[in-house]
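Colleague: Output the structure for:
(one chain, ligands or ions: 1)
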Amino acid sequence: MSREIVSLAREDGIAVVTIRNPPVNVISAAVRAGLRHALDELEGMAGIRAVVLTAEGGTFCSGADIGEFSGPPKEAEYRDLFRRLEQLRIPLVAALHGTVLGGGLEMALACHYRIAAAGARLGLPELTLGIIPGAGGTQRMPRLIGVEKTLELLFSGRPVDAAQALALGFVDRVAEGPLPEAALAYARALLAAGAGPRRTCDRAVDPATATPEIIERLKAGATSQFPHRSAPGSAIEAVTAAAALPFEEGLLLEERIANRSKETIEAKALIHVFFAERETRKVPGLAPGPGLALRRAGIVGAGTMGGGIAVCFANAGVPVTLLDVSEEAVARGQKSIADTYASMVRRGRITEEEKDRRLGLIRGSTAYEALGDADVIVEAVFENMELKQRVFARLDEVARPGAMLATNTSTLDIDRIAAATRRPADVIGLHFFSPAHVMPLLEVVRAEKTSLATVGAAMDLAKLLRKTPVLAKVCYGFIGNRMMEGYAREAQRMVLEGATPRQVDSALESFGMAMGILAVFDMAGIDVGVNVHRSNADQYPPDPTYYQADIALHSAGRLGQKNGKGYYRYLPGDRTRHDDPEALAILREQAARLAVPQKPHTGEEIVERCLYPLLNEGLRILEEGVALRAGDIDVVWTSGYGFPRYRGGPMFYADTIGLKALHEGMLKYRAQLGPMHWEPAPLLARLAGEGRTLADWSRERLAQDPPQPLREMS
Ligand code: NAI
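Modeller: This is a model prediction of the structure:
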């Protein structure tokens with residue numbers, strides 16, 4: 001087995017070691033064994049003057065095996081293996097292509113020379129998983145490019161291209177022409193020039209890259225860029241040690257720090273989200289399909305969402321027909337799409353030609369018949385049931401048989417929308433987030449009669465559009481907005497109780513939310529929220545203070561950023577929030593009218609009162625089977641709602657604080673604020689009583705007792 005996964009061949013006097021572990025040549029235990037075996041064989045081979053290390057397929061090694069992180073530490077094994085590579089007595093050339101990441105790049109650094117294909121991308125993304133490189137990267141990279149640049153590379157987490165790697169100094173050559181030949185030619189040239197091994201470990205770190213000023217600046221940068229995170233500090237500790245310690249001692253220190261970082265909640269949370277994002281596509285009962293044959297998409301409604309969704313399709317190379325009620329509405333939509341692309345060109349994201357190509361894929365229309373050749377149609381008209389039902393009845397007449405009919409509704413009952421057609425099995429919710437061409441999340445909402453095939457096609461479509469799909473069942477708000485309801489409700493209630501909008505938002509942002517919820521309302525438009533709540537007033541709980549901060553500001557003509565005043569005040573063309581005494585006065589007046597008792601709030605109370613209802617609702621959603629797994633909910637919130645990834649998403653966070661503590665917290669606020677909003681979810685009460693975690697429960701349930709929608713599917 002190990003012989004197949006790593007092969008050894010010879011080309012004249014040059015040995016070629018090839019790693020073969022598709023799809024991305026992860027450095028698994030078998031690859032490591034194979035490399036050790038190849039090194040043993042090399043020692044016995046006569047007449048070999050140089051070695052080329054390469055990998056087959058689309059990429060060199062893209063990293064260590066993340067699945068091994070939870071097992072016993074592997075650092076010592078990596079250290080020994082890479083030391084053997086580095087200590088070879090003949091020149092060792094790494095031939096790099098594809099995405100050379102993490103452990104893959106660390107292995108390349110242990111080689112004597114590095115040549116990269118022009119399209120290669122190289123990086124150390126460990127911090128995005130809350131860990132640090134543990135296979136020598138923190139000690140070898142600074143010996144090649146200095147402490148400062150190494151830390152910049154680590155902090156960015158993003159790979160650089162081959163030319164940048166060459167300029168930085170950790171790649172020696174960019175291949176002209178095919179890599180295998182170029183790597184062999186490079187090895188021959190080295191031999192011809194009389195070059196021997198050039199070991200990274202023998203080099204010294206340039207002290208000018210690690211002055212106290214530089215270190216101070218990097219530390220300050222890490223604190224502001226990564227609040228609440230410990231891995232960046234660990235990276236600084238390990239990388240600066242390269243300048244102070246002998247190489248072998250540095251490696252041992254790196255190992256200690258790497259193992260410490262793996263044990264943090266931050267690393268566990270980030271790794272949890274990493275895996276959860278790969279799980280969401282897996283729907284029990286759904287076998288991988290033949291893939292989606294998508295020749296054309298149709299979109300009804302050329303407004304904010306319709307335009308953004310059209311851009312998603314065009315970016316994926318799919319021709320789109322964009323329909324609206326009038327020529328003017330279509331033209332408005334197309335203008336805003338053109339603006340989106342123009343800004344992408346300005347920011348250097350795409351070329352002028354690419355912009356023209358993508359714009360050329362989008363054709364406008366006002367005639368439903370133009371949607372007859374679409375394989376997928378996404379409806380994004382105003383949020384109004386009667387209107388959507390009319391649109392779907394019309395789509396039923398014109399769409400080709402088998403076309404997917406999707407609605408982008410945020411709040412309406414998709415079963416009722418589907419009932420307007422004679423083909424409810426083809427109707428599904430595709431809930432994009434705004435801006436649709438930027439946000440990675442896509443809630444895929446399965447209505448009662450949606451077929452399994454349609455669900456599968458929606459998952460394939462998400463992949464094509466490079467979205468992270470999460471399957472939900474129909475309910476008010478699906479997963480994300482349903483959990484948002486209590487979170488936002490408490491924020492609004494607290495500003496009526498006398499907290500300032502800044503106090504509430506700052507507490508939430510200190511917790512790690514990308515943006516405080518009141519600032520989010522200002523950005524999205526206070527009128528948007530008020531309209532949604534007005535049209536769903538029949539579902540309100542009987543609480544006279546419910547969402548009444550929004551109502552008060554809206555009645556006073558404060559719509560948020562769009563007219564420069566909402567919870568905050570804004571200067572024209574500037575999104576900076578300014579405290580506004582006028583907003584405070586309106587909120588105080590509303591509180592007096594509703595007789596809301598005034599009280600002081602600590603940051604802790606603000607975070608608890610916003611988050612506990614959110615977590616509690618997540619437990620209800622899980623028990624009802626609206627979401628398949630706890631991890632799916634975490635993906636919704638980390639990729640769509642700005643919940644900090646390093647806290648793992650709300651369900652992971654619930655396990656972090658402990659279900660018992662969450663349950664007690666709900667009871668504490670129930671005693672203070674009444675039972676209407678503070679009843680613990682039955683699942684929370686049960687698991688807290690049994691002392692179990694959600695992670696266990698979610699795993700067991702998927703294994704033993706598939707939730708309702710799964711049975712329907714099979
Ligand atoms: P919008 O008001 O920007 O655009 C709606 C468009 O639909 C307008 O261009 C209008 O002319 C067109 N339209 C109305 N009746 C039509 C008809 N009979 N045939 C064809 N076109 C028609 O609205 P927006 O914000 O794009 O929202 C669209 C849908 O997306 C709504 O269901 C909304 O709830 C949902 N949504 C909105 C999000 C947001 O952040 N704006 C996020 C996620 C979903």
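
Colleague: buried residues in whichever helix in the chain runs longest?
Modeller: Ranked by residue count and defined by DSSP state H, the top helix of the chain is helix 603-624. Applying a neighbour-count criterion of 16 or more other CB atoms under 10 Å, one finds 605-623 buried in helix 603-624. C-beta coordinates here come from the backbone N, C-alpha and C atoms, glycine included.

Colleague: for stretch 206-217, same thing?
Modeller: 206, 209-210, 214-215.

Colleague: per-residue confidence averaged over it?
Modeller: Taken as a whole, stretch 206-217 has an average pLDDT of 96.

Colleague: Stretch 647-660 now?
Modeller: Stretch 647-660 comes out at a mean pLDDT of 98.

Colleague: May I see the buried residues of that stretch?
Modeller: Applying 16+ other CB under 10 Å to stretch 647-660 flags 647-655, 659 as buried.

Colleague: Just the endpoints, please. Distance across it?
Modeller: 18 Å (CA to CA, to the nearest Å).

Colleague: Next, find the distance separating residue 625 from the ligand.
Modeller: Computed as CB to the nearest ligand atom, to the nearest Å, the residue 625 to the ligand distance reads 23 Å.

Colleague: And the pLDDT at that residue?
Modeller: 92.

Colleague: again with the one 10 residues further on
Modeller: Note for residue 635: predicted pLDDT of 98.

Colleague: same thing with residue 540?
Modeller: At residue 540, the model reports a pLDDT of 81.

Colleague: Next, it: phi, psi?
Modeller: phi -60, psi 140 (degrees, to the nearest 10).

Colleague: Residue 403 now?
Modeller: Here residue 403 shows phi and psi, under degrees, to the nearest 10, equal to phi -70, psi 140.

Colleague: Check the one 3 residues further on too.
Modeller: Its backbone dihedrals place residue 406 at phi -110, psi 150, with angles given as degrees, to the nearest 10.

Colleague: Report the beta-bridge partners for it.
Modeller: In this entry, residue 406 is beta-bridged to residue 378, residue 428, by DSSP bridges.

Colleague: My reading is that residue 322 lies in a helix. Confirm?
Modeller: No: going by DSSP: H, G, I helix; E, B strand; the rest coil, the assignment for residue 322 is strand, not a helix.

Colleague: which residues sit in contact with it?
Modeller: 298-299, 302, 306-307, 310, 330, 333-334, 362-365 (CB atoms under 8 Å, 6 or more residues apart in numbering).

Colleague: likewise residue 217?
Modeller: Contacts of residue 217 by CB under 8 Å, 6+ apart: none found.

Colleague: So which residues make contact with whatever helix or strand residue 94 lives in?
Modeller: When elements are assigned from DSSP states H and E, residue 94 belongs to strand 92-96. Outside strand 92-96, the residues that touch it by CB under 8 Å, 6+ apart are 50-54, 60, 85-86, 107-108, 111-117, 120, 122, 162, 171, 175, 179-180, 182-183, 186-187, 190, 197.

Colleague: so of the residues you listed, which ones are in strands?
Modeller: Residues of those located in strands (DSSP state E): 50-54, 113-116, 122.

Colleague: Check the spatially most central residue of the chain and give its pLDDT.
Modeller: Among the residues of the chain, residue 639 comes closest to the average C-alpha position under CA atoms, centre = their mean, at 5.0 Å. In this model, residue 639 is scored at 97, pLDDT.

Colleague: repeat for residue 291
Modeller: Reading off the confidence values, residue 291 has pLDDT 72.

Colleague: for it, helix, strand, or coil?
Modeller: Looking at residue 291 with three-state DSSP, the answer is coil.

Colleague: so residue 291 touches residue 461, yeah?
Modeller: No: using CB atoms under 8 Å, residue 291 is not in contact with residue 461, being 10.4 Å away.

Colleague: nearest residue to the residue of the stretch 601-714 of the chain found nearest the ligand other than its sequence neighbours?
Modeller: The minimum distance from the stretch 601-714 of the chain to the ligand, using CB to the nearest ligand atom, falls at residue 640 (10.0 Å). Closest residue to residue 640 apart from its sequence neighbours, by CB to CB, 6 or more residues apart in numbering: residue 441 at 3.5 Å.

Colleague: mind listing what the one you found touches?
Modeller: So residue 441 contacts 433, 467-468, 470, 480, 635-636, 639-640 (CB under 8 Å, 6+ apart).

Colleague: Residue numbers of this structure in contact with the ligand?
Modeller: Within the chain, the positions near the ligand by CB under 6 Å from any ligand atom are 300-306, 323-325, 329, 380-383, 387, 391, 408-410, 432-434.

Colleague: which of those residues are buried?
Modeller: Buried members of the residues of the chain next to the ligand, scored by 16+ other CB under 10 Å, are 300-302, 305-306, 323-324, 329, 380-381, 383, 391, 408-410, 432-433.

Colleague: Cool, thanks, signing off.
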